[in-house]
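Peer 1: structure for this input, please:
(chains A and B)
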Amino acid sequence: MLNKKKNKLLHFWRTVDVPVVAVLFSAVIGAVLLRISGADPLDAYRALFQGSLGNISAFGRTLQKATPLIFSGLAVAFAFKAGLFNIGTQGQLLFGALAAAMVGFTVQGVPAWLHIPLALLIGALAGGLYGMIQGALKAYTGAHEVITGIMLNYVAINLTDYLTNGPLKDTTPGNIIARTPLILETSQLPSIGAFPLGFGLALLVALVVWWLLQQTTIGFEICTVGNNPHAASYAGMNVNYTLVGTMLFSGMLAGLGGAVETLGVVHRYQPGFNVGLGFEGITIALLGKTHPVGVILASILVGAMKAGASQMQFSAGVDKAIIDVILALILFFVAADVLIRKILRYRDTKGEDVILSTGWGK
Amino acid sequence: MEQIPVLQLRGITKCFGEVLANDQVDFDLYPGEIHVLLGENGAGKSTLMNVIYGLSTPDAGTIFFEGSSVQIDRPRTAIDHGINMVHQHFMLIPVFTVAENIMLGDEVTRGWSLDRKRAYQEIQQLSEDYGLQLDMEARIENLSVGLQQRVEIMKALYRKTRVLILDEPTAVLTPQEVDDLFEVMHQLIRKGISIILITHKLREVMHIASRITVMRRGRVIGTTSPAKSNEGELAAMMVGRQVTLQFEKTPLQTQEVVLDVQELTVSDEQDREVVHRVSFQVRAGEILGIAGVQGNGQSEMALALSGLRPFKRGRLCLSGKEMTSLNPRALMNHGLAHIPEDRQKHGLVLPYSVADNQILNTYHHFPFSSFLQRHQQAVLTNSNQLIDQYDIRASGPGSPVSTLSGGNQQKVIISRELNRDICCLLANQPTRGLDVGSIEYIHQQILKLRDQGVAVLLISSELDEIMSLADTIAVMYCGKIVMNTPADQLTKEQLGAIMAGS
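Peer 2: Numbering: from 1, shown residues only, chains lettered A, B, ... in the order given. Down below sits the predicted model:
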């Protein structure tokens, strides 16, 4: 009985060990860097904590920062399941954000209960269709999704820049900034107290993603294609449809993230406001081990670091760029999980497995 | 024998977790002998070889090399002692030439640069000494598997090998290449090199071994020689019980045609026609065995028949229904079962559990799911039942199929494919790489299906398998069916000659 419990605990630790240790290591190295830059690490971390979790409004800010990360993290994690590395989340997110803004300021005279879902839906579709391009290119021409994703990110960045500086530019007299008009009030996603509604939506979407992957035949097909596309087609699954469909849904998640950011935080589309949110999805997905719950926890952690950064800069007197360095370190350690396993002195289970004789190989 | 063994193992013990992979293993290798190490998958052969080759360190026991105790902690030490291993999967660089691959890791240098000329001379000399013909300038990727293996052996010779370990070297070879390899092995032992041959093909063992050591469950069961033993006895030692190698078959009842293939033409990935206008029929309750050396179009034909590769021309009827160029799911729904040639590539998702692999192509049917929702409980129940029924050795339905032995992996596929209402079974190399116990089991299952009235298309390059199972035998050669006759009108020798294209 006790043994079973211990086993379960061990299993749990084995699941979360790399992310946890990666965060701890990064914090320690971050402390060294803070020291070098002349600050007291303890003070700095205390300020970081105060600014992110110290009170209700700080916590609200953390959740708000975490919200788009959950969406883009889920987008990346979801595509991973089908063996796809969706590095195009950034572009999908931008289109989602822009499309939601367009619905927000053009559709007039509809009540909020209709306006908000409509804007979210159009945002998700915009991102999804954009992601689908990558999926279709992969499925039908074999073009690698990382390459096309990077290219399409540039297209998205420049196209949205052009649109907000041209046809969609805010024509309010006196405006010289490239940005769209403000969205109507009926389309703004409110907060309940300090709690941003968008975060609730993110949790809901994470639940849907979990259900889809773990509990449905669609999820089974996606994971099968990701693990072994040959076996998938042997089993009668349509690998190409699955790839395209996965990218559609992954893009929808990213687009939804952009839409929520527009409707809930920025209230218009303005280039420069969504920078990095899509790319950070990669960090989040890896840190969260591509599991929806992991993605939520990782997003809250990173969200907290972003939310508390200003407070840290203010009270400890260090540049908040240090937060980006720590984030980069986390990603580094998570990606180099072999290093962590070495440090934790795990036996390399790949070399000596219980498979004593493999017969013949692949 | 007064000779000193070149290699002596005493009391080698190695544990992996709770599994005792090697238990007090003693093993002697004398100069100039071919010592066969025989055993089922998971018997501990590979572990023992890894110990000798320095890939893993034993928990207990001693290795003596030419009479003195040695520590072999990594492959380099083994190589320095003159112990070399040719793995099942060749460790060659495809874009390098033969000579470059041979000298790799032991380069002859002059100052900072490679002394190609001298290296080539040395290798050429070696190849003449041992009678191993090889084109030194040829690129590895352009060589046949048999020649690649020869390069691996040359690599060992170049490192002045005394002991050569061959890990299932014949698994990937054609019958002709096997003969060539045996010739090479005889050359080597004449020069005083000792060979450890790992295999589970009994016929080869009887043919080539000087001595045979049989392992089972990590222990040495005994050491014998071909003269003192026979195939049945060896099989019994390996498995631990009597094994049936020949089956009694009920006479063939002529029934209606189930699988009807007409004028089938299929191309390979490079768009070369590798199957030309092939026609055959399989009746209910009949096993049609398609013999042939591998690479004569069988793989492509099987893929086409199971819907995984398009037909270029031709028709396919299943139980009288036109099924030409339909997808795998449609064929499956009409009662086709498929045991694929490459079980790890097509047949299984290795990281998946046994349970999930057992519903890999029925996951969308009730009771495993309704609408979108999967029913894990039904999947588990199904798996528990199949594990029982097909005697699959796994720690449970949830264990990843990658942790199972080859034979049990194949049983997972068979349990999945045969547990449906089927009218036709397409079995492509169903026992390749498996041990005798599993082969016996799978053959029984195929015969049982035949007796139940299923049409079986058996594709195999193992002559014995075709001879003992098939009612009708067809031979595939260069993409064509060159012969199609009842099995009892053929001898093995005739069949072998037709397979070789004469």
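Peer 1: need the residues that contact the host helix or strand of A:T148.
Peer 2: Here A:T148, judged by DSSP states H and E, is contained in helix A:145-165. Residues from elsewhere that reach helix A:145-165 (CB atoms under 8 Å, 6 or more residues apart in numbering or on different chains): A:79, A:84-88, A:90-92, A:94-95, A:98, A:130, A:133-135, A:137-138, A:178-180, A:247, A:269-271, A:278. From N, CA and C alone the C-beta is placed, and that goes for glycine too.
Peer 1: buried set for it?
Peer 2: Neighbour counts using 16 or more other CB atoms under 10 Å in any protein chain shown place A:E145, A:T148, A:G149, A:L152, A:N153, A:A156, A:I157, A:T160, A:L163, A:T164 of helix A:145-165 among the buried residues.
Peer 1: now render these as CSV, adding pLDDT and distance to B:L29.
Peer 2: CSV is the format used below for the buried residues of helix A:145-165 (pLDDT from 0 to 100; distance: CB to CB, whole Å):
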residue, pLDDT, distance to B:L29
A:E145, 94, 52
A:T148, 96, 56
A:G149, 96, 56
A:L152, 97, 61
A:N153, 96, 61
A:A156, 96, 66
A:I157, 95, 67
A:T160, 95, 72
A:L163, 95, 76
A:T164, 94, 77
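Peer 1: got the domain ranges for chain B?
Peer 2: Following the assignment in automatic domain parsing, chain B carries domains at B:7-239, B:246-335+B:422-502, B:345-420.
Peer 1: flag every residue of the stretch 151-300 of chain B that's near chain A.
Peer 2: The stretch 151-300 of chain B has residues B:E168, B:A171, B:V172 near chain A, with proximity defined as CB under 8 Å from any CB of the partner chain.
Peer 1: just give me the closest of these to B:L147.
Peer 2: B:V172 (11.9 Å; CB to CB).
Peer 1: helix/strand/coil for the closest one?
Peer 2: For B:V172, the secondary-structure state derived from DSSP: H, G, I helix; E, B strand; the rest coil is coil.
Peer 1: ok, it - how many residues close by?
Peer 2: Taking other CB atoms under 10 Å in any protein chain shown as the neighbour definition, B:V172 ends up with a count of 19.
Peer 1: isn't it up against B:Q148?
Peer 2: No: using CB atoms under 8 Å, B:V172 is not in contact with B:Q148, being 9.1 Å away.
Peer 1: just the strands in the stretch 401-502 of chain B please.
Peer 2: In the stretch 401-502 of chain B, the strands defined using DSSP state E, counting those that start in this stretch lie at B:424-428, B:455-459, B:472-477, B:480-486.
Peer 1: most tightly surrounded among those strands?
Peer 2: Each of the strands of the stretch 401-502 of chain B was scored by mean neighbour count; the highest is strand B:455-459, a mean of 27, by mean count of other CB atoms under 10 Å in any protein chain shown.
Peer 1: partners of that one in the sheet?
Peer 2: strand B:287-291 (parallel), strand B:424-428 (parallel) (DSSP bridges).
Peer 1: wait, which of those strands is closest to B:R393?
Peer 2: Using CB to CB as the measure, strand B:424-428 is the one of the strands paired with strand B:455-459 that comes nearest B:R393, at 21.4 Å.
Peer 1: got the phi and psi for B:L20?
Peer 2: With angles defined as degrees, to the nearest 10, B:L20 shows backbone torsions of phi -90, psi 100.
Peer 1: what's across from it in the sheet?
Peer 2: The partner residues for B:L20, given DSSP bridges, come to B:C15.
Peer 1: for it, give me its contacts.
Peer 2: Neighbouring residues of B:L20 by CB under 8 Å, 6+ apart: B:T13, B:K14, B:R217, B:G218.
Peer 1: now for the helix or strand encompassing A:L327, which elements pack on it?
Peer 2: A:L327 belongs to helix A:321-335 when assigned by DSSP H and E. In terms of contact count using 3 or more CB pairs under 8 Å, 6 or more residues apart in numbering or on different chains; DSSP states H and E, helix A:321-335 is assigned the packing partners helix A:2-36, helix A:277-287, helix A:292-316.
Peer 1: what's the local residue count around B:S113?
Peer 2: What B:S113 shows, counting by other CB under 10 Å, is a neighbour count of 8.
Peer 1: contacts for stretch B:262-278, please.
Peer 2: Stretch B:262-278 is touched from outside by B:261, B:279, B:297, B:300-301, B:303-305, B:309-317, B:476, B:479-481, with contacts defined as CB under 8 Å, 6+ apart.
Peer 1: among those, which lie within helices?
Peer 2: Mapping those onto helices (DSSP state H) picks out B:E300, B:M301, B:L303, B:A304, B:L305.
Peer 1: still on that earlier bit, give me the buried entries from the contacts of helix A:145-165.
Peer 2: A residue is treated as buried here by neighbour count (16+ other CB under 10 Å); on that basis the buried members of those are A:79, A:84, A:86-88, A:90-92, A:94-95, A:98, A:130, A:133-135, A:137-138, A:178-180, A:247, A:269-271, A:278.
Peer 1: what's the burial count for residue 229?
Peer 2: Here I'm looking at chain A. When neighbours are counted by other CB under 10 Å, A:P229 registers 19.
Peer 1: to clarify, I was referring to chain B.
Peer 2: 18.
Peer 1: tell me the contacts of it?
Peer 2: Contact analysis of B:S229 by CB under 8 Å, 6+ apart lists B:I212.
Peer 1: and if we set it to 10 Å?
Peer 2: B:S229 makes contact with B:L202, B:V205, B:M206, B:A209, B:I212, B:V214, B:G222, B:M237, according to CB atoms under 10 Å, 6 or more residues apart in numbering or on different chains.
Peer 1: show me where pLDDT drops low in the chain?
Peer 2: Assuming you mean chain A. Scanning chain A with the threshold set as pLDDT under 70 gives A:1-2, A:345-362.
Peer 1: my question was about chain B, not that one.
Peer 2: Regions of chain B meeting the criterion pLDDT under 70 cover residues B:1-2, B:244-245, B:502.
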